[in-house]
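Chemist: got a structure for you, letters missing:
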């Protein structure tokens with residue numbers, strides 16, 4: 001659809017064919033407030049609008065509909081505003097996106113009427129919301145334009161101090177609006193979608209919203225939060241969308257919905273952070289906390305904290321699309337061990353079934369005979385096995401008839417073939433995870449594999465479901481984005497049931513509210529290019545700002561350039577991406593061609609050195625991972641987590657913190673040059689031991705292929721493993737030592753790490 005640059009079209013869609021069936025209602029001035037149990041209720045009139053000559057006018061005589069806004073507070077930093085437009089209202093207990101922290105309780109809220117409207121105070125006496133109903137004094141000198149209509153004018157104080165005002169009067173003249181502070185659109189007499197607008201300051205910055213491949217500051221852009229196959233990491237499409245963002249003004253906003261959301265951050269209106277929510281209800285959580293970490297922590301208190309991951313998962317994962325036999329994986333393991341490349345996981349992608357891509361949740365009897373013995377053999381060599389699968393049933397497979405007969409796959413009113421992007425296999429629908437019987441059936445399929453000795457299930461896909469299918473539990477419009485949560489929840493919970501807490505994990509691609517509970521997620525099918533590397537990191541940084549603690553990516557990119565299946569990554573891209581991966585929470589090699597380091601003979605020694613450094617740092621990474629499950633931090637952090645008052649850091653998306661201590665600046669070009677920003681503080685150069693003062697740019701830093709800029713916070717103390725190992729099973733925890741970055745640290749070569757690992761800088 002052509003962008004029209006008018007709110008009435010670009011947000012309200014009044015140039016769409018269905019607009020003839022719709023009526024627009026704009027909130028007016030609240031008329032009353034009353035208390036209800038622990039909450040306050042605001043009675044709001046909504047005035048019907050009519051479009052004439054591309055402008056919106058109040059209906060004459062005014063047609064009103066009333067709705068009640070429920071105002072609730074949870075602890076000292078969360079205010080919730082809810083408006084219901086549907087016939088029935090689901091309870092929080094029935095909503096799988098919620099996983100309330102037991103310590104987070106609704107608290108009493110009281111209303112007080114003032115000369116200017118109403119104030120809502122908590123038990124601490126702090127104002128948590130203010131409604132303005134006072135008439136502004138005017139000096140009338142012209143009646144050429146009518147007076148502005150009454151509107152919803154309010155300020156929310158999520159933590160009792162930070163103010164988040166609604167954008168009450170975003171108009172040129174009364175009939176030309178750039179946003180509505182509050183409103184809804186009816187279709188065929190029923191609420192179809194809500195619209196709201198918050199005031200955005202001229203220099204306000206926004207981050208988060210899921211896996212955005214955009215620049216760090218999202219201000220000035222509009223996004224449709226609608227899960228889809230990203231087909232790379234360099235477009236507005238995203239596998240993982242989360243209707244939650246953080247503002248440089250010190251608050252976060254969670255739109256609690258599974259429906260599609262169009263979020264415009266200082267774009268359609270440069271003074272408004274506004275959204276259209278395609279849901280019957282509008283449920284907004286205003287989240288404070290002073291720091292970004294605390295805001296994300298409070299978000300997790302509502303939607304769930306990430307589970308911890310197994311220690312071995314921090315090792316190297318080796319994969320390609322795909323290994324096709326047990327003997328092929330045996331050869332990979334043998335060459336990795338002979339070459340001294342440490343590795344803990346072999347991932348088998350689409351090739352472990354009898355026919356490639358035809359997922360039957362059973363090993364091929366010809367290419368993977370005796371799977372139990374094979375898995376035990378791999379375990380004895382320190383190798384865990386990860387298996388690909390997807391939530392689709394293909395025709396002519398073992399489970400097709402069962403799935404159809406028992407309605408494990410939702411019946412479709414339109415028979416559209418569902419193919420993959422990489423094969424000729426035709427699928428006949430997604431497993432319906434809204435059907436409890438289908439969930440149990442699916443979990444039993446996974447349980448058989450997990451009991452054999454499989455360690456990880458890759459929950460690929462989940463971004464797209466059939467629009468014209470009759471799902472058991474909810475309609476398409478509210479299931480589409482939620483589907484991945486139900487899918488990943490089912491896979492994770494059966495894994496945890498069999499493997500135990502702390503040993504279970506999945507490898508997932510799609511994401512929505514709550515998916516952070518079930519680690520871990522990777523960035524999807526990135527291109528083997530510098531752009532693919534940069535886009536992957538951007539997505540990971542925004543994802544970390546959206547509640548996710550763990551994140552990975554395909555090293556050194558998934559798809560070949562220019563030939564999708566046949567172009568091989570360059571040596572320098574292979575090493576540069578490996579270097580970045582060493583400092584991300586998880587490190588997996590994967591792609592359409594060979595990814596094993598011994599296949600890159602010219603740089604294999606360098607790859608080995610970096611993997612050895614990775615293993616030395618695993619105790620540190622595991623400690624930071626545990627911390628991330630109990631805080632608001634991710635392992636891979638945007639700089640603003642620690643420097644939110646530094647405006648420079650709000651624009652940096654090519655550097656990151658690895659945990660608390662490391663500042664990493666990946667090199668993303670063939671020239672070995674980049675600028676590096678050192679935030680405030682004292683920094684130790686990881687390689688030389690030089691101490692530098694922050695708040696400065698280091699311009700045109702030159703790096704040999706062997707190294708990249710890495711700095712450590714001065715006086716940091718990190719745990720390391722002081723011996724070379726081939727897998728984490730060889731690590732003895734009592735041998736872990738501490739590495740101090742104080743005056744005793746005089747450079748990498750002079751440290752314990754330098755005595756273990758040599759980087760050839762030729």
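Modeler: Cool, the structure landed. Being a predicted model, the structure only gives us computed values, none of them experimental.
Chemist: following the chain past the helix or strand of the chain with the lowest mean pLDDT, name the next helix or strand.
Modeler: Counting by mean pLDDT, DSSP states H and E, the chain has its least confident helix or strand at strand 418-419, which shows a mean of 54. The first helix or strand that comes after strand 418-419 along the chain, using DSSP states H and E, is strand 426-430.
Chemist: what strands flank that next one, and is each parallel or antiparallel?
Modeler: strand 392-394 (antiparallel), strand 418-419 (antiparallel) (DSSP bridges).
Chemist: so residue 39 sits against residue 71, correct?
Modeler: Yes: counting by C-beta atoms under 8 Å, residue 71 is a contact partner of residue 39 at 6.1 Å. Using the backbone N, CA and C atoms, a C-beta is placed for each residue, glycine as well.
Chemist: any residues in contact with both of those two?
Modeler: residue 109 (C-beta atoms under 8 Å, 6 or more residues apart in numbering).
Chemist: which of these two has more neighbours?
Modeler: residue 71 (25 against 18; other C-beta atoms under 10 Å).
Chemist: pull out the buried positions in the host helix or strand of the more buried one.
Modeler: Following DSSP H and E, one finds residue 71 within strand 64-74. By neighbour count with 16 or more other C-beta atoms under 10 Å, strand 64-74 contains the buried residues 67-74.
Chemist: ok, now stretch 676-694?
Modeler: Under 16+ other C-beta under 10 Å, the buried positions of stretch 676-694 are 676-679, 683-687, 689, 694.
Chemist: before we move on, back to that, after the strand holding residue 71, which helix or strand is next?
Modeler: strand 78-83.
Chemist: quick one: residues in contact with that following strand.
Modeler: 44, 67-74, 104, 128-129, 156-158, 182, 184, 194, 281-288, 298, 301-302.
Chemist: returning to that earlier point: farthest pair within the buried residues of stretch 676-694?
Modeler: Greatest spatial distance among these (C-beta to C-beta): 677 and 689, at 20.5 Å.
Chemist: from one end of stretch 471-486 to the other, what's the distance?
Modeler: 13 Å (C-alpha to C-alpha, to the nearest Å).
Chemist: so where do the strands sit in the stretch 101-250 of the chain?
Modeler: Using DSSP state E, counting those that start in this stretch, the strands assigned to the stretch 101-250 of the chain run over residues 106-107, 109-114, 117-122, 127-132, 154-156, 164-165, 182-187, 190-199, 206-210, 221-225, 241-247.
Chemist: can you list the strands that the strand holding residue 71 pairs with?
Modeler: Using DSSP bridges, the strands paired with strand 64-74 are strand 39-52 (antiparallel), strand 78-83 (antiparallel), strand 106-107 (antiparallel).
Chemist: skipping adjacent residues, who's closest to residue 66 in space?
Modeler: residue 45 (5.5 Å; C-beta to C-beta, 6 or more residues apart in numbering).
Chemist: give me the neighbour count for that neighbour.
Modeler: 18.
Chemist: same thing with residue 294?
Modeler: Using other C-beta under 10 Å: residue 294 sits among 17 other residues.
Chemist: and it, what does it touch?
Modeler: Counted by C-beta under 8 Å, 6+ apart, residue 294 has contacts 77, 632.
Chemist: now do the helix or strand hosting it and strand 64-74, the angle between them.
Modeler: Under the criterion of DSSP H and E, residue 294 resides in helix 292-303. Relative orientation of helix 292-303 versus strand 64-74 (axes from the mean of the first three to the mean of the last three C-alpha atoms, to 10 degrees): 110 degrees.
Chemist: list the buried residues of helix 292-303.
Modeler: Neighbour count says helix 292-303 has 292-303 buried, by 16+ other C-beta under 10 Å.
Chemist: redo these as JSON lines? Include distance to residue 19 and pLDDT.
Modeler: Formatted as JSON lines, the buried residues of helix 292-303 follow (distance: C-beta to C-beta, whole Å; pLDDT from 0 to 100):
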{"residue": "292", "distance to residue 19": "39", "pLDDT": "98"}
{"residue": "293", "distance to residue 19": "43", "pLDDT": "98"}
{"residue": "294", "distance to residue 19": "43", "pLDDT": "98"}
{"residue": "295", "distance to residue 19": "37", "pLDDT": "98"}
{"residue": "296", "distance to residue 19": "38", "pLDDT": "98"}
{"residue": "297", "distance to residue 19": "42", "pLDDT": "98"}
{"residue": "298", "distance to residue 19": "38", "pLDDT": "98"}
{"residue": "299", "distance to residue 19": "35", "pLDDT": "98"}
{"residue": "300", "distance to residue 19": "39", "pLDDT": "98"}
{"residue": "301", "distance to residue 19": "40", "pLDDT": "98"}
{"residue": "302", "distance to residue 19": "35", "pLDDT": "98"}
{"residue": "303", "distance to residue 19": "34", "pLDDT": "98"}
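Chemist: how many other residues sit next to the closest residue in space to residue 35 that isn't next to it in sequence?
Modeler: Nearest non-adjacent residue to residue 35, counting by C-beta to C-beta, 6+ apart: residue 111, 5.9 Å away. By the measure other C-beta under 10 Å, the count of residues near residue 111 is 18.
Chemist: ok, residue 101 next?
Modeler: 16.
Chemist: quick one: it and residue 301, what's the gap?
Modeler: 4 Å (C-beta to C-beta, to the nearest Å).
Chemist: for the stretch 501-650 of the chain, which segments count as strands?
Modeler: Using DSSP E, counting those that start in this stretch, strands in the stretch 501-650 of the chain cover 506-508, 521-522, 551-552, 554-555, 587-589, 636-637.
Chemist: just those strands: most buried one?
Modeler: Comparing the strands of the stretch 501-650 of the chain by mean neighbour count (mean count of other C-beta atoms under 10 Å), strand 554-555 ranks first with a mean of 30.
Chemist: coming back round to it: please name every helix or strand in contact with whichever helix or strand comes after the helix holding residue 294.
Modeler: Counting by DSSP H and E, the next helix or strand C-terminal to helix 292-303 is strand 316-318. Judged by 3 or more C-beta pairs under 8 Å, 6 or more residues apart in numbering; DSSP states H and E, the packing partners of strand 316-318 are strand 345-348, strand 587-589.
Chemist: list the buried residues for the helix ranked longest in the chain?
Modeler: Longest helix in the chain by number of residues (criterion: DSSP state H): helix 604-628. By neighbour count on 16+ other C-beta under 10 Å, the buried set for helix 604-628 is 604-622, 624-625, 628.
Chemist: ok, and the closest non-adjacent residue to residue 532?
Modeler: That would be residue 526: by C-beta to C-beta, 6+ apart, it lies 4.0 Å from residue 532.
Chemist: contacts for stretch 640-659, please.
Modeler: The contact list for stretch 640-659 (C-beta under 8 Å, 6+ apart) reads 205, 207, 215-217, 248, 291-293, 534, 537-538, 540-541, 544-545, 583-584, 620-621, 623-624, 627, 633, 635-639, 663-666, 668, 674, 676-677, 679-680, 695.
Chemist: and it, how far out from the chain middle?
Modeler: 18 Å (C-alpha atoms, centre = their mean, to the nearest Å).
Chemist: part of a strand, is residue 25?
Modeler: Yes: using DSSP: H, G, I helix; E, B strand; the rest coil, the secondary structure at residue 25 is a strand.
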